[in-house]
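Enquirer: sequence below, structure please.
(chains A, B, C and D)
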Number of protein chains: 2
Amino acid sequence: MISKLKKLGLKATPQRLAILKLLDGNKLHPSAEDIYKRLKPDFPSLSLATVYNTLEALAKAGELQEVRITAGKRHFDPDPSPHAHFYCRICNSIYDWRINPADIGIASRVKDYLVENYVLNLYGVCPGCLKETEGGKTINDKTLFEKE
Amino acid sequence: MISKLKKLGLKATPQRLAILKLLDGNKLHPSAEDIYKRLKPDFPSLSLATVYNTLEALAKAGELQEVRITAGKRHFDPDPSPHAHFYCRICNSIYDWRINPADIGIASRVKDYLVENYVLNLYGVCPGCLKETEGGKTINDKTLFEKE
DNA sequence: TTTTAAATTATAATTATTCTAAACAAATAA
DNA sequence: TTATTTGTTTAGAATAATTATAATTTAAAA
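Expert: Numbering: from 1, shown residues only, chains lettered A, B, ... in the order given. Next comes the predicted model:
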């Protein structure tokens, strides 16, 4: 982890190591403030600005990606590889969705545009919340793309 | 246009009609402030809050869609039908991209998730800016999904 | 060590958006 | 038509997330 920071030309400070450790393998897509609140007890001097600085440095280095799937708040995903995200409107959780870029019918439509990146956000209800609200009833494909 | 508002149970005020007229057929995806600045000369009493109120009312009624494709600002699209958006990092323009939901390989992966909506944002360089920066050189498909 | 360049911190500033409460206007009732 | 009600607009204050600032501290190089 220290060497990972060094490789990026970043100093291995305790704060950065703590942030990296918290993010490592984390599937919860925390916001900057989530991270701050979680670490503050162990690092009483920690500043929210440091959390933002570190996240921005890591994002710029391609070590993580920002997820903008909710209204006014960014979330952070330690997995920088391109994949989609699903937001459950009941429990407000964000889930990773592995979708191969090739599965999205973009390429054939590119024409004269240079597509360097894409973001695919999905919205709906996750399996756990579906079970609670509908007793586990199966949803058929026809409803899948209808707006709420 | 008046009847459109009436149908939604909204009063046909001059401000709302002006906003509707400005948006009608507009492909520029303006922000709330773009709209405000554009209409202010003709409606000196216009308030930014009214622009936001009207946009929110229209969005809730399904008459337009919000586009969240840039960092901290929302844009508005008078076309409420599901389609993707392309953001050019050179000229900062937003373009509509007609992509059929069925062309996105989501359905087959849904499993136990209920997908009610999706957002597909594309980032890169638009044809006009490509011409200026690269002399019109054609980009081959292999580069299409590489991050910058 | 000593140095120096980078990082952290507290706080102020910024930006987009939302809230508030008063003034106003449109539709309805008398 | 006038009065009343209800919804709308307005200016400005408030908010929330994020970014900038400037002084202090720290990691790593010399």
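Enquirer: from here on, contacts and neighbour counts on C-alpha atoms
Expert: Noted.
Enquirer: so how far is the host helix or strand of A:Ala57 from its chain's centroid?
Expert: Secondary structure from DSSP states H and E places A:Ala57 in helix A:48-60. From the chain centre to the centre of helix A:48-60 is a distance of 15 Å (CA atoms, centre = their mean, to the nearest Å).
Enquirer: could you say what helices and strands it packs with?
Expert: If you count contacts as 3 or more CA pairs under 8 Å, 6 or more residues apart in numbering or on different chains; DSSP states H and E, helix A:48-60 packs onto helix A:14-23, helix A:32-39.
Enquirer: repeat that for 7 Å
Expert: Judged by 3 or more CA pairs under 7 Å, 6 or more residues apart in numbering or on different chains; DSSP states H and E, helix A:48-60 is in contact with helix A:32-39.
Enquirer: same for the helix it packs on, what does it pack against?
Expert: Here helix A:32-39 touches helix A:48-60, going by 3+ CA pairs under 7 Å, 6+ apart.
Enquirer: pLDDT (mean, whole number) over the helix it packs on?
Expert: On average, the pLDDT along helix A:48-60 is 95.
Enquirer: rewinding a little: who does whichever helix or strand comes after the helix holding A:Ala57 pair up with?
Expert: Downstream of helix A:48-60, the next assigned helix or strand under DSSP H and E is strand A:65-67. Strand A:65-67 sits in its sheet next to strand A:75-77 (antiparallel), going by DSSP bridges.
Enquirer: got the domain ranges for chain A?
Expert: Domains of chain A are assigned by automatic domain parsing as A:2-67, A:82-143.
Enquirer: tell me which residue of chain A lies closest to DNA strand C.
Expert: Here the residue of chain A nearest DNA strand C is A:Leu46; by CA to the nearest atom of the strand that distance is 3.3 Å.
Enquirer: wait, that residue touches A:Lys40, no?
Expert: Yes - using CA atoms under 7 Å, A:Leu46 makes contact with A:Lys40 at a distance of 6.0 Å.
Enquirer: higher neighbour count, these two?
Expert: Taking neighbours as other CA atoms under 10 Å in any protein chain shown, A:Leu46 and A:Lys40 compare with A:Leu46 leading, 16 against 13.
Enquirer: so the more buried one lies in a helix, does it not?
Expert: No - looking at A:Leu46 with DSSP: H, G, I helix; E, B strand; the rest coil, it is coil, so not inside a helix.
Enquirer: what mean pLDDT does the lengthiest strand in chain A get?
Expert: When chain A is parsed with DSSP state E, its longest strand is strand A:114-125. Strand A:114-125 comes out with an average pLDDT of 90.
Enquirer: direction included, what does that strand pair up with?
Expert: As defined by DSSP bridges, the strand partners of strand A:114-125 come to strand A:84-88 (parallel), strand B:114-125 (antiparallel).
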